[in-house]
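Chemist: no FASTA, just this:
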């Protein structure tokens with residue numbers, strides 16, 4: 001541990017030998033084991049002292065164009081003689097030349113780094129001046145968030161400078177970076193990539209065939225394309241369905257509202273599909289046959305009838321479902337979320353019909369709080385069954401007497417729960433009372449007539 005600590009100190013001190021001086025200190029977050037600095041602030045041992053135990057570094061602010069500002073040779077001599085690894089190195093709020101980036105990666109080529117990240121960074125167009133063929137960096141993941149650079153199109157030669165590194169990279173994340181196009185001759189370089197995220201960009205249907213051309217991303221397991229300009233589910237499915245190792249696919253926040261029924265068939269490997277907030281009104285599209293997690297939240301689905309024998313988690317939050325009676329054949333379902341749907345009635349027996357279900361989320365629904373429903377919901381919530389957001393998220397919409405009242409606080413009276421039965425009993429009682437009165441009245445009348453007749457007869461016999 002001491003060797004690693006001193007190595008980090010020496011490494012960073014050498015790194016800043018040729019960086020211009022400025023005032024400021026590094027800040028060390030003990031909980032995150034992260035050191036936050038400005039490259040221009042790292043000028044002496046005092047500034048780096050708080051960071052001797054850091055496993056990640058964040059360099060914030062500044063413009064760095066000339067790679068000569070980087071003390072590459074001195075750092076390399078130290079790195080070659082020590083064993084050092086870092087969880088993350090990030091550049092935030094910077095302007096960097098691609099030459100400077102190449103110099104940095106070249107210098108750090110012998111340091112294992114889990115993630116190299118660039119956030120709110122602008123890259124200026126400078127040709128790569130360092131050939132990295134002999135020293136592929138030991139960086140496993142590369143991340144760009146809200147970055148800008150010249151378009152990738154017609155620039156594959158720039159990537160030649162990185163040699164075999166691209167073919168060994170495991171994770172690539174490019175988010176919020178106005179990405180519009182990934183040429184095929186760049187895609188095919190990522191031969192070991194298992195995770196690719198290109199969310200919150202401007203990718204569209206006409207770029208799919210180029211980005212996922214033959215030979216591109218052959219080891220792909222996780223693909224996230226959320227919040228782009230995709231609208232043709234069939235085209236996207238045809239391009240991606242060839243990946244026989246793909247397990248997780250996120251297509252959320254695209255617009256598939258105008259898609260026809262799809263006949264595209266997914267690979268058996270796909271287990272997790274996210275189609276939330278995609279404008280779906282029905283599920284006539286093809287679904288992965290071995291899907292275990294399906295997210296259809298935030299759509300406009302009114303009716304659902306699917307058959308997914310392996311499905312374990314189904315998210316249907318904020319759709320237009322009015323009942324659960326016809327969801328379909330899902331025998332292994334364990335987690336079900338239907339919160340935010342306009343269901344007036346919810347039969348607890350429908351929920352309990354899923355034999356393996358252990359977690360249910362049904363808050364923010366306008367429930368009609370009948371006596372039987374109140375009783376069954378309370379019994380389910382008090383059992384080993386997990387009812388998420390209980391009790392605060394479950395309120396009554398009707399009848400009027402309990403509107404907006406939490407279900408857990410509703411205690412109907414005997415008359416409210418058995419109104420019809422008690423009304424029938426009262427009516428029968430009143431009917432019997434009326435019959436009894438009539439019978440009594442008839443008897444009294446008959447008794448009075450008999451007495452009158454006797455009196456009249458007596459009077460006739462006694463003139």
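Modeler: Perfect, thanks for sending it. All of these numbers come straight from a predicted model, not from anything done at the bench.

Chemist: ok so residue 441 is a helix residue?
Modeler: Yes - counting by DSSP: H, G, I helix; E, B strand; the rest coil, residue 441 is located in a helix.

Chemist: can you map out the strands along the stretch 201-350 of the chain?
Modeler: Taking DSSP state E, counting those that start in this stretch as the test, the strands found in the stretch 201-350 of the chain are 222-224, 248-250, 272-274, 293-295, 306-307, 313-315, 328-329, 335-337.

Chemist: any idea which of these scores lowest on pLDDT?
Modeler: Lowest mean pLDDT within the strands of the stretch 201-350 of the chain: strand 328-329, a mean of 86.

Chemist: which helices and strands does it pack with?
Modeler: strand 306-307 (3 or more CB pairs under 8 Å, 6 or more residues apart in numbering; DSSP states H and E). All C-beta spots, glycine's among them, are computed from the backbone N, C-alpha and C.

Chemist: Which strands border the strand it packs on, and is each parallel or antiparallel?
Modeler: Here strand 306-307 is paired, per DSSP bridges, with strand 328-329 (parallel).

Chemist: who touches the strand it pairs with?
Modeler: Residues outside strand 328-329 that contact it (CB atoms under 8 Å, 6 or more residues apart in numbering): 304, 305, 306, 307, 308, 309.

Chemist: The last one contacts residue 332, correct?
Modeler: Yes - here residue 309 lies in contact with residue 332, judged by CB atoms under 8 Å, at a distance of 6.9 Å.

Chemist: Of these two, which one has the most company?
Modeler: residue 332 (14 against 11; other CB atoms under 10 Å).

Chemist: Show the buried residues in the contacts of strand 328-329.
Modeler: By neighbour count, with 16 or more other CB atoms under 10 Å, the contacts of strand 328-329 hold 304, 308 as buried.

Chemist: could you dump the contacts of strand 328-329 to TSV with distance to residue 89?
Modeler: Converted to TSV, these look like this (distance: CB to CB, whole Å):
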residue	distance to residue 89
304	46
305	50
306	45
307	48
308	42
309	45
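
Chemist: Now for the contacts of strand 328-329: which two are most distant?
Modeler: Within the contacts of strand 328-329, 304 and 309 form the most distant pair, 15.9 Å apart (CB to CB).

Chemist: Following the chain onward from the lowest-mean-pLDDT helix or strand in the chain, which element is next?
Modeler: Least confident helix or strand, the chain: helix 72-79 with a mean of 44, by mean pLDDT, DSSP states H and E. Next along the chain after helix 72-79, taking DSSP states H and E as the criterion, comes strand 86-97.

Chemist: Nearest to residue 113 among the contacts of strand 328-329?
Modeler: Distance to residue 113 across the contacts of strand 328-329 (CB to CB) is lowest for residue 308, with 40.1 Å.

Chemist: In this structure that closest one contacts residue 294, no?
Modeler: Yes - assessed by CB under 8 Å, residue 308 is found in contact with residue 294 at 6.9 Å.

Chemist: so what's in contact with the two at the same time?
Modeler: Common neighbours of residue 308 and residue 294 (CB under 8 Å, 6+ apart) are residue 287.

Chemist: Report pLDDT for residue 439.
Modeler: 77.

Chemist: Tell me the spacing between it and residue 447.
Modeler: The gap separating residue 439 from residue 447 is 12 Å, by CB to CB, to the nearest Å.

Chemist: What of residue 28?
Modeler: If you go by CB to CB, the gap between residue 28 and residue 447 works out to 108 Å.

Chemist: The two: who's more crowded?
Modeler: residue 28 (18 against 10).

Chemist: is it fair to say the more buried one lies in a helix?
Modeler: No - according to three-state DSSP, residue 28 belongs to no helix; its state is strand.

Chemist: any idea how far residue 119 lies from residue 198?
Modeler: Separation of residue 119 from residue 198 (CB to CB): 16 Å.

Chemist: and what of residue 109?
Modeler: Separation of residue 109 from residue 198 (CB to CB): 26 Å.

Chemist: again, but for residue 293
Modeler: In terms of CB to CB, residue 293 sits 21 Å off from residue 198.

Chemist: what do you get for residue 376?
Modeler: Applying CB to CB, the value for residue 376 to residue 198 is 46 Å.

Chemist: before we move on, what about residue 322?
Modeler: Remark: distance between residue 322 and residue 198 (CB to CB) = 37 Å.

Chemist: for residue 94, same thing?
Modeler: Relative to residue 198, residue 94 is positioned 22 Å away (CB to CB).

Chemist: Look up the closest residue to residue 324, ignoring the ones flanking it.
Modeler: residue 350 (4.5 Å; CB to CB, 6 or more residues apart in numbering).

Chemist: Next one: that neighbour from residue 58, what distance?
Modeler: Applying CB to CB to residue 350 and residue 58 gives a distance of 51 Å.

Chemist: what about these two, which has more around it?
Modeler: Higher neighbour count among residue 350 and residue 58: residue 58, with 21 against 14, using other CB under 10 Å.

Chemist: check contacts around the more buried one.
Modeler: Contact analysis of residue 58 by CB under 8 Å, 6+ apart lists 34, 35, 36, 37, 88, 89, 90, 91, 92.

Chemist: Please enumerate the helices of the stretch 101-250 of the chain.
Modeler: 156-160, 165-168, 184-187, 208-211, 233-240 (DSSP state H, counting those that start in this stretch).

Chemist: if you average pLDDT over the last one, what comes out?
Modeler: Going back to what we said before, that points to helix 233-240. Here the average pLDDT along helix 233-240 is 91.

Chemist: Who are the packing partners of it?
Modeler: If contacts are counted by 3+ CB pairs under 8 Å, 6+ apart, helix 233-240 sits against helix 208-211.

Chemist: mind listing the strands for the stretch 351-463 of the chain?
Modeler: Using DSSP E, counting those that start in this stretch, the strands of the stretch 351-463 of the chain run over 359-361, 367-368, 386-388, 396-398.

Chemist: Now tell me what touches the last one from outside.
Modeler: Pointing back at strand 396-398 there. 344, 366, 367, 368, 369, 402, 403, 404, 405, 406, 407, 410.

Chemist: what's the answer for the third one, then?
Modeler: Residues outside strand 386-388 that contact it (CB under 8 Å, 6+ apart): 337, 358, 359, 360, 361, 362, 363, 377, 380, 381, 394.

Chemist: Which members of those residues are the farthest-apart pair?
Modeler: Pairwise distances across those peak at 18.0 Å for 358 and 394 (criterion: CB to CB).

Chemist: higher neighbour count, the two?
Modeler: Using other CB under 10 Å as the criterion, residue 358 and residue 394 rank with residue 394 on top: 21 against 12.

Chemist: and the closest residue to the more buried one other than its chain neighbours, how many neighbours does it have?
Modeler: Nearest residue to residue 394 in three dimensions, chain neighbours excluded: residue 407, at 4.5 Å (CB to CB, 6+ apart). Counted with other CB under 10 Å, the neighbours of residue 407 add up to 19.
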